[in-house]
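>>> sharing a model that was predicted from the sequence below.
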Amino acid sequence: RAAIAEERERLARYCGFGGLKCILNPAKDLSDAARWAKSDLELFPMTMELHRLIKENSTNDYEYKRYIDSLKSSVLTAFYTPQAITHTLAEVLGESGIRPKRMLEPSAGQGVFVDSFLQGNPDADVMAFEKDLLTGKILSALYPDKKIRIEGFERMEKPFNNYFDVVASNIPFGDVSVFDPAFAKSESEGRRAATKAIHNYFFLKGLDATREGGVVAFITSQGVLNSPSHKAVREELFGQADLVSAIRLPNNTFDGAGAKMVVSDIIFLQKRDRIVERDEDWVHLGVDENGIRMNQYFIDNPDMVLGEMVMRSGQYGPEPTCRAYEDEDLGELLAEAVSNIHAEISEVEIEELSEDGEDKSIPADPTVKNFSFTIVEGKVYYRQNSVMNPVETSVTGENRIKGMIGIRDTVKALIEAQLEDYSESEIKALQSKLNRQYDEFTAKYGLINSRGNAMAFSDDNSYFLLCSLEILDENKELKAKADMFTKRTIK
């Protein structure tokens with residue numbers, strides 16, 4: 001059943017188990033107390049009660065184990081955000097015209113970012129990821145009308161690339177590796193390196209999901225901007241986006257959330273419409289007047305550092321930290337810093353309008369691949385980032401496109417069937433369908449490689465895949481159909 005208002009109010013106070021390493025200890029019965037450190041024993045009764053409640057409300061031992069394992073894996077990364085910070089960010093950004101219609105939260109926790117941005121636009125289309133099973137269930141109860149996904153952000157599908165107006169989160173940080181074959185096999189050094197540190201991965205994956213002109217607003221470890229080893233990642237980020245602003249938070253900001261003495265940055269990026277290679281100052285590190293090494297941006301913009309940069313003794317020797325000012329209200333400091341940010345989400349430009357100037361575009365269907373044709377209620381549309389525009393063409397041109405959409409979809413289904421090792425009869429049925437579609441289409445409109453079909457369909461990102469179905473001779477005539485029509489081509 002849906003949670004009632006009183007229950008949602010209680011659930012909203014949940015703040016996770018980040019930093020509570022006692023969760024890692026056994027606590028099924030009283031005898032487990034002997035295995036606890038004395039410093040943690042005061043937490044033993046509460047931890048035991050937690051185990052009891054989860055077990056009683058699990059359908060079986062397997063589900064109980066999933067809950068506990070999920071909680072344990074979140075201890076090192078689940079540090080939740082004070083609502084005062086998210087409200088300030090959302091309010092000030094809203095005043096700058098940043099009120100997203102589509103928002104992504106890739107590490108949502110109990111949803112403080114979602115709540116803050118929804119106050120500016122309650123009808124926003126929100127997708128939120130939360131990997132921890134218990135936290136994800138709570139998030140689903142708090143926002144039953146939003147797209148809540150209880151899984152890792154790395155599971156987000158490619159159709160959501162270039163889709164969201166705003167991607168905002170307090171992302172996990174640390175040298176936690178992420179399994180993403182697309183990143184691991186990338187030609188980009190920055191994307192490959194990002195899989196070795198979860199905060200870097202979230203930045204690049206989040207930027208992929210942001211539409212042109214959209215904004216990424218992440219709270220993250222100072223390592224993204226400060227670490228010399230992350231330079232390749234910074235180069236990759238700033239090749240795709242402009243650094244709108246960055247704010248360094250004092251090291252006591254998240255003390256109440258379990259992350260003591262952690263220095264964090266809020267980083268605002270605005271995605272460009274193209275990738276460029278350029279050398280930006282904030283890719284590099286510098287040394288301030290006190291001899292402290294940090295990102296050049298903070299040296300050039302000291303008013304964006306909400307504390308005093310000093311050196312302290314760290315685990316591996318002296319390290320820089322941002323010490324909080326005494327008797328200063330962080331909320332007021334943050335509001336002043338954010339007020340210096342000047343970014344605006346432009347409306348998506350529609351290249352083609354009807355003769356009377358009416359915008360006939362529709363929101364993009366995330367299941368439709370970017371830069372491809374689709375059919376909606378019998379009409380041909382073309383997806384470009386976050387919108388789909390109706391295609392104005394002749395009747396013959398529209399029929400060509402519809403025919404090649406059918407062939408394209410069957411080809412992709414056939415590829416997937418082979419990858420998933422479908423039965424021989426299922427493969428043969430798809431090959432038969434492909435042969436029939438191809439023969440009927442080419443009888444009317446000629447080869448897929450012909451000039452007329454290229455003019456109609458070459459803007460589709462699968463056009464050259466379809467061209468490979470035809471083996472041509474030196475005169476550009478059909479020599480044979482490709483093996484896909486009759487054989488398994490994927491082993």
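Looks like it came in fine.

>>> quick check on the nearest residue to Leu249 once chain neighbours are set aside: phi, psi?
Excluding the flanking residues, the one nearest Leu249 by CB to CB, 6 or more residues apart in numbering is Ser264, at 4.8 Å. In this view, the C-beta of every residue, glycine as well, is placed from N, C-alpha and C. As for Ser264, its main-chain torsions (degrees, to the nearest 10) stand at phi -120, psi 160.

>>> could you list every residue that touches Ser264?
When contacts are counted by CB atoms under 8 Å, 6 or more residues apart in numbering, Ser264 is found next to Ile219, Thr220, Ser221, Gln222, Arg248, Leu249, Thr253, Phe254.

>>> including pLDDT, could those go into JSON lines?
Below are the contacts of Ser264 laid out as JSON lines (pLDDT from 0 to 100):
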{"residue": "Ile219", "pLDDT": "90"}
{"residue": "Thr220", "pLDDT": "87"}
{"residue": "Ser221", "pLDDT": "83"}
{"residue": "Gln222", "pLDDT": "85"}
{"residue": "Arg248", "pLDDT": "91"}
{"residue": "Leu249", "pLDDT": "89"}
{"residue": "Thr253", "pLDDT": "79"}
{"residue": "Phe254", "pLDDT": "74"}
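
>>> are any of those buried, and which?
Using 16 or more other CB atoms under 10 Å as the burial test, these include Ile219, Thr220, Ser221, Gln222, Arg248, Leu249, Thr253, Phe254 as buried.

>>> pick out the most distant pair among these.
Spanning the widest gap among these are Arg248 and Phe254, at 13.4 Å by CB to CB.

>>> any weak-confidence spans in the stretch 351-491 of the chain?
Within the stretch 351-491 of the chain, the segments meeting pLDDT under 70 span 351-359.

>>> on that earlier part again, Leu53: which of the buried ones among the contacts of Ser264 is nearest?
Using CB to CB, these come closest to Leu53 at Phe254, 26.3 Å.

>>> doesn't Ser221 make contact with that closest one?
No - applying CB atoms under 8 Å, one finds Phe254 not in contact with Ser221, separated by 10.9 Å.

>>> show me the common contact partners of the two, please.
Shared contacts of Phe254 and Ser221 (CB under 8 Å, 6+ apart): Val262, Ser264.

>>> list the contacts of the spatially most central residue of the chain.
The residue lying closest to the centre of the chain (CA atoms, centre = their mean) is Gly206, at 3.7 Å. Residues in contact with Gly206 (CB under 8 Å, 6+ apart) are Leu104, Pro106, Val167, Ser169, Ile171, Val216, Phe218.

>>> now, which of the contacts of Ser264 sits nearest Thr321?
Ranked by distance to Thr321 (CB to CB), the contacts of Ser264 are led by Gln222 at 8.9 Å.

>>> for the closest residue to that closest one other than its chain neighbours, give me its contacts.
In space, and not counting its chain neighbours, Gln222 is closest to Val263: 4.5 Å by CB to CB, 6+ apart. Counting by CB under 8 Å, 6+ apart, Val263 touches Ser221, Gln222, Arg248, Leu249, Pro250, Asn251, Pro320, Thr321, Cys322.

>>> let me have these in CSV, extended by secondary structure and distance to Asp175.
Output for the contacts of Val263, formatted as CSV (DSSP: H, G, I helix; E, B strand; the rest coil; distance: CB to CB, whole Å):
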residue, secondary structure, distance to Asp175
Ser221, strand, 10
Gln222, coil, 14
Arg248, strand, 21
Leu249, coil, 21
Pro250, coil, 24
Asn251, coil, 20
Pro320, strand, 19
Thr321, strand, 19
Cys322, strand, 21
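
>>> closest to Val376 among those residues?
Using CB to CB, the contacts of Val263 come closest to Val376 at Ser221, 43.1 Å.

>>> list the contacts of that closest one.
By CB under 8 Å, 6+ apart, the residues touching Ser221 are Phe173, Gly174, His199, Val262, Val263, Ser264, Asp265.

>>> just the buried residues of those.
Phe173, His199, Val262, Val263, Ser264, Asp265.

>>> so the first one touches His199, yeah?
Yes - distance between Phe173 and His199: 4.1 Å, which falls inside the contact criterion (CB under 8 Å).

>>> shared neighbours, the two?
Common contacts of Phe173 and His199, defined by CB under 8 Å, 6+ apart, comprise Thr220, Ser221, Gly223.

>>> where do the strands sit along the stretch 51-200 of the chain?
For the stretch 51-200 of the chain, the strands defined by DSSP state E, counting those that start in this stretch cover 102-105, 125-129, 147-149, 164-170.

>>> among those, which is nearest Glu7?
Of all the strands of the stretch 51-200 of the chain, strand 147-149 comes closest under CB to CB, at 16.4 Å.

>>> residues of that closest one that come out buried?
Going by neighbour count (16+ other CB under 10 Å), the buried part of strand 147-149 is Ile148, Arg149.
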